[in-house]
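Student: A predicted structure for the sequence below; I have some questions about it.
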Amino acid sequence: MNILVVDTIHGGREISRHLLFQGYAVDTVDVYRNEGSITVAEALTRRYDIVAAPVHLNPDHPLMHMKTEYRTHHQMIPFCLGKTRPHLSVEITGARGKTTTAHALASVLPGTGVLLSSIGITEFPSRNNAGKKSITPASTIHAAKLAVASGGWLVAEQSLGVSGIGDLGILTSAEDYLCAGGKKHAYDIKKEMLLSCKKILAAPGIAWMNDRVIHAEDIVSCKGTVCSWAYNGEEGSFTNNLLVLPAYQNAIQTAAAAACILGYRPDPLSEFTALPGRLQVKRNGSSVIIDDANSGTSQQTATEAVRYARTILPTSPLILVIGAEADNICEGFSLADIKQVIDTTNPDSVILVGDTYPDDAESCLSHPCVHVSSLTEGEQYANTISDTGVIVLAVKTWR
């Protein structure tokens, strides 16, 4: 069987390795940097039994109009795994909240397991880091094989959809955006793919009308720092101070509902703590750092981080480090959104991070700021401004 794998940057190279190992004839095309095994022009002259392309590829691309069978990178996960599957698999997708939900759910599941998230691959129960992996669909193949080898479960965070190997598929957010050259809605893609999972859970606030979808609100509810749950004749509650933060409340509720569906009590979530880069509180001498620097940082999360910081040190000067690292993130953080955060929260000092912003960004923001290239530079500079204030890191970046 001859297979063409399109887009080596976003996991295509890893998919091709698995296919080659299984004995298939594989060509790869890098549609961005021309670093595949063959060029687009060469691929168009050949015949393939399958073309595997990412869902975000523009449907008007010439490689999307060959007379053959097409599969998405997500659909190549079960193709590459064959009958090798973990005894329990959960797939998680959504515009935001994926990582926190994945870690919260993994903290509840018993025994051995493998968690794939934007933080990397984490082995349970040891919490050992087994390597840095992206959340492109291809990474799930490796994570699933690790789970099988350990005899454990798999919780996999994935971008732009799921593969369908999940006993449970979770949608964490209804936020939508255009992809595939502006031709497709990401929200529609995710919902369509989730229908291939055995069971489907929608996080609180998602109005998805489908008989197969279980809504988290039907299982859990929150009041203050208390989360109550009821499912299949059992009920209970637990307390966690993170529930006062909207982002954590949503993720913890979703993880609690997922645990119930899978047959486990969610009460251990009372011990769940903030993740690095997701409103984690750190201390640096007399300063407090609120870390909201991650791939899902946005206008909403940055604003929430500043408000959270002011509940901790309400009278101290606040330094906002905000922006996007262009070298390692696909979706940016626009100046318009950054200006909205600044206008809404009125920080004492602003440090703008990112090389994609113009040199006159200060005038665009209507607020004095220092412009640096990276999150590291921004945090270091913030520490030189004040040793008694609160620093908010709101930089969109992979970590």
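Tutor: Ah, there it is.
Student: so where do the helices sit in the protein?
Tutor: For the chain, the helices defined by DSSP state H occupy 13-21, 40-44, 76-81, 98-108, 137-150, 186-194, 246-262, 299-312, 335-345, 361-365, 375-385.
Student: What's the local residue count around residue 277?
Tutor: Residue 277: 22 surrounding residues under other CB atoms under 10 Å. No exception for glycine: its C-beta is placed from N, CA and C like everyone else's.
Student: Model confidence at it, what's the number?
Tutor: Listed pLDDT for residue 277 reads 85.
Student: Use 6 as the first number from now on
Tutor: Got it, first residue is 6 now, which makes that one residue 282.
Student: so what's it up against?
Tutor: 296-299, 398, 404 (CB atoms under 8 Å, 6 or more residues apart in numbering).
Student: Quickly name whichever of those residues is closest to residue 373.
Tutor: Checking the contacts of residue 282 against residue 373 by CB to CB gives residue 398 as the nearest, at 19.0 Å.
Student: what about the strands in the stretch 206-355 of the chain?
Tutor: 218-220, 225-228, 231-236, 239-244, 285-289, 292-296, 323-329, 354-358 (DSSP state E, counting those that start in this stretch).
Student: Remind me what the first one packs against, helices and strands.
Tutor: Read it as strand 218-220. strand 204-207 (3 or more CB pairs under 8 Å, 6 or more residues apart in numbering; DSSP states H and E).
Student: hang on, the earlier thing: most packed of the strands of the stretch 206-355 of the chain?
Tutor: Comparing the strands of the stretch 206-355 of the chain by mean neighbour count (mean count of other CB atoms under 10 Å), strand 323-329 ranks first with a mean of 28.
Student: Any stretches of this structure with poor pLDDT?
Tutor: Scanning the chain for pLDDT under 70 picks out the ranges 331-336, 404.
Student: hmm, what's the outermost residue in it?
Tutor: The C-alpha centroid of the chain is most remote from residue 50, which lies 37.1 Å away (CA atoms, centre = their mean).
Student: follow-up on the earlier one: okay, the helices of the chain in a markdown table with mean neighbour count and distance to residue 283 next?
Tutor: A markdown table is the format used below for the helices of the chain (neighbours: other CB atoms under 10 Å; distance: least, CB to CB, whole Å):
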| stretch | mean neighbour count | distance to residue 283 |
| --- | --- | --- |
| helix 18-26 | 19 | 26 |
| helix 45-49 | 14 | 39 |
| helix 81-86 | 23 | 26 |
| helix 103-113 | 25 | 6 |
| helix 142-155 | 23 | 20 |
| helix 191-199 | 20 | 21 |
| helix 251-267 | 25 | 7 |
| helix 304-317 | 19 | 8 |
| helix 340-350 | 18 | 17 |
| helix 366-370 | 16 | 25 |
| helix 380-390 | 18 | 14 |
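Student: Select, out of those, the one closest to residue 32.
Tutor: Comparing these by CB to CB, helix 45-49 comes nearest, at 6.3 Å.
Student: Find the nearest non-adjacent residue to residue 53, please.
Tutor: The shortest distance from residue 53 to any non-neighbouring residue, by CB to CB, 6 or more residues apart in numbering, is to residue 9 (4.5 Å).
Student: Tell me the bridge partners for that neighbour.
Tutor: Following DSSP bridges, residue 9 is listed with bridge partners residue 32, residue 56.
Student: That one contacts residue 32, correct?
Tutor: Yes: using CB atoms under 8 Å, residue 9 is in contact with residue 32, at 5.1 Å.
Student: measure the closest residue to residue 304 other than its chain neighbours to residue 269 for me?
Tutor: Among residues not flanking residue 304 along the chain, residue 342 sits closest, at 4.1 Å (CB to CB, 6+ apart). Noted for residue 342: a distance of 38 Å to residue 269, by CB to CB, to the nearest Å.
Student: residue contacts, residue 252?
Tutor: Residue 252 neighbours (CB under 8 Å, 6+ apart): 101-102, 105, 283-284, 306, 309.
Student: for residue 299, that is, sorry about that
Tutor: Counting by CB under 8 Å, 6+ apart, residue 299 has contacts 104, 123, 282-283, 401-402, 404.
Student: By neighbours, which of those wins?
Tutor: residue 401 (28 neighbours).
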